[in-house]
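Engineer: what follows is a predicted protein model with its sequence.
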Amino acid sequence: MIFVAVIILVALIFDFLNGFHDAANSIATVVSTRVLSPRYAVVWAAFFNLLGAFAFDVNIAKTVGEGLIDLKAVNHYVILAGLVGAVIWNIITWYYGIPTSSSHALMGGYAGAAIAKAGFSAVLWSGWTKTLIFIVVAPFMGMFMGFGFMVILMWLFHDKSSSKINGVFRKLQLVSAAFFSLGHGTNDAQKTMGIITSLLVTEGILTSFHVPWEVILASSAAMAFGTMFGGWRIVKTIGQKVTKLKPAGGFCAETAGAITLLITAFSGIPVSTTHTITGAIMGVGATKRASAVRWGLAGRIMTTWVLTIPLSGIVAWICYEATLLFQ
């Protein structure tokens with residue numbers, strides 16, 4: 001029982017790092033447009049992260065917890081190794097300021113550890129189909145919606161002064177930032193909820209897969225707390241290096257990202273908030289001119305998106321092999 005408690009603690013540490021690492025998703029645009037100071041931005045985002053975890057159903061937690069890996073192949077060592085693998089990948093990418101997906105790191109780590117224990121038969125491939133497809137689809141959904149929203153605003157306000165437009169959207173961006181943070185909270189916190197619930201089922205503490213309210217509260221609080229610390233290296237990459245944003249652009253990017261996250265959350269598809277908001281920012285930037293987006297940087301970011309699941313899986317595989325010394 002003590003070992004189970006330790007693993008849950010590691011899961012909550014991952015959730016804290018998820019919030020810390022992915023704070024950029026929620027606040028990069030609102031900080032880069034100077035609508036909020038970094039200090040107030042992380043508090044704003046953390047509050048709506050917490051609210052988002054309780055506002056919607058836990059479809060994503062069910063997908064991650066029982067839809068990706070056969071629970072018969074899972075034990076506490078698999079879950080521990082998967083979490084450690086994801087944590088290590090998050091720390092590496094945070095250090096280099098690379099906006100990768102904590103969600104995909106967790107799923108890759110979980111799969112890598114399960115494969116190390118039971119082989120590829122442990123993977124429920126049917127459950128991975130939508131997840132893998134949406135690695136590509138989610139950022140393009142964000143990109144096309146961000147581009148479309150920005151074009152509409154440019155058409156509606158083409159005869160207005162930029163100072164008046166910025167004044168209006170500085171206020172509206174508070175709403176869009178809250179909207180995106182709500183989607184971030186309901187999407188990302190659920191992945192850890194799914195992992196913790198899997199642990200409770202495999203250890204016989206729960207007789208069936210359902211997410212207890214205590215797990216919802218602990219997971220969402222850990223992520224919200226991590227968001228309050230903010231991963232400033234990644235904030236700089238997303239908010240300033242990909243393209244330059246003004247309040248109207250930030251509003252469009254956040255709104256596009258939030259809609260994408262909520263659609264996928266209701267569908268039970270675990271997508272990356274990092275991919276989504278980065279795609280939306282690229283779409284907004286492309287309305288100025290193609291060269292307004294630093295496509296070289298964008299390409300390097302996309303490469304890490306593709307590599308996150310296999311590399312975090314390899315790290316988790318190594319971690320599981322290390323646990324054999326103690327089994």
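Structural biologist: That came through fine. All values derive from a computational prediction rather than experimental measurement.

Engineer: now for the chain, the helix or strand with the poorest mean pLDDT.
Structural biologist: helix 232-236 (a mean of 52; mean pLDDT, DSSP states H and E).

Engineer: OK, contacts around the nearest residue to Ala221 once chain neighbours are set aside?
Structural biologist: Nearest non-adjacent residue to Ala221, counting by C-beta to C-beta, 6 or more residues apart in numbering: Leu50, 6.5 Å away. Where you see a C-beta, it was placed from the backbone N, CA and C, and this is true even at glycine. Applying C-beta atoms under 8 Å, 6 or more residues apart in numbering to Leu50 gives the contacts 185, 220-221, 223-224.

Engineer: the residues you listed: which two are farthest apart?
Structural biologist: Farthest pair in the contacts of Leu50 (C-beta to C-beta) is Gly185 and Ala221. Separation: 10.7 Å.

Engineer: which of these two has more neighbours?
Structural biologist: Gly185 (32 against 19; other C-beta atoms under 10 Å).

Engineer: can you name the next helix or strand after the one helix or strand the more buried one maps to?
Structural biologist: Using DSSP states H and E, Gly185 falls within helix 162-202. Scanning forward in sequence from helix 162-202 by DSSP H and E, the next helix or strand is helix 213-229.

Engineer: returning to what we had before: from the contacts of Leu50, which single one is nearest His104?
Structural biologist: Closest approach between these and His104, by C-beta to C-beta: Met223, at 15.9 Å.

Engineer: ok, the closest one touching Thr186?
Structural biologist: No - with contact defined as C-beta atoms under 8 Å, Met223 does not count as touching Thr186 (10.8 Å).

Engineer: so between those two, which is more surrounded?
Structural biologist: Met223 (32 against 27).

Engineer: so where's the stretch 1-150 of the chain shaky on pLDDT?
Structural biologist: 21-26, 28, 55-56, 97, 99 (pLDDT under 70).

Engineer: sorry, back to before: just want the angle from the one helix or strand the residue nearest to Ala221 maps to to helix 213-229.
Structural biologist: Following DSSP H and E, one finds Leu50 within helix 38-55. Orientation check (axes from the mean of the first three to the mean of the last three C-alpha atoms, to 10 degrees): helix 38-55 against helix 213-229 gives 160 degrees.

Engineer: so which residue is dead centre in the chain?
Structural biologist: Thr273 (3.9 Å; C-alpha atoms, centre = their mean).

Engineer: need the per-residue pLDDT for that residue.
Structural biologist: At Thr273, the pLDDT value in this model is 78.

Engineer: so it sits right up against His104, yeah?
Structural biologist: No - if you go by C-beta under 8 Å, Thr273 and His104 don't touch, sitting 10.7 Å apart.

Engineer: ok, now which ones touch Met228?
Structural biologist: Applying C-beta under 8 Å, 6+ apart, the residues contacting Met228 are 19, 23, 42-43, 46.

Engineer: would you point out the most distant pair within those residues?
Structural biologist: Largest pairwise distance in these, by C-beta to C-beta, is 12.4 Å, between Gly19 and Val43.

Engineer: who has more neighbours, these two?
Structural biologist: Gly19 (33 against 14).

Engineer: ok, for Ser181, nearest residue in space, not its chain neighbours?
Structural biologist: The shortest distance from Ser181 to any non-neighbouring residue, by C-beta to C-beta, 6+ apart, is to Phe48 (3.6 Å).

Engineer: Ile309 too?
Structural biologist: Ile309's closest residue in space is Gly108 (C-beta to C-beta, 6+ apart), at 3.6 Å.

Engineer: next secondary structure after the one helix or strand the one you found maps to?
Structural biologist: Remark: Gly108 resides in helix 102-118, with elements defined by DSSP H and E. Sequence-wise, the next helix or strand downstream of helix 102-118 (DSSP H and E) is helix 125-156.

Engineer: how far does that following helix sit from its chain's centre?
Structural biologist: On the basis of C-alpha atoms, centre = their mean, to the nearest Å, helix 125-156 sits 15 Å off its chain's mean C-alpha point.

Engineer: residues touching Ser267, list them.
Structural biologist: Per C-beta under 8 Å, 6+ apart, neighbours of Ser267: 59, 130.

Engineer: just the mean pLDDT for the helix holding Gly185, thanks.
Structural biologist: 84.

Engineer: and it, what does it pack against?
Structural biologist: On a contact count with 3 or more C-beta pairs under 8 Å, 6 or more residues apart in numbering; DSSP states H and E, helix 162-202 meets helix 2-32, helix 38-55, helix 59-66, helix 76-95, helix 102-118, helix 213-229, helix 247-267, helix 273-286.
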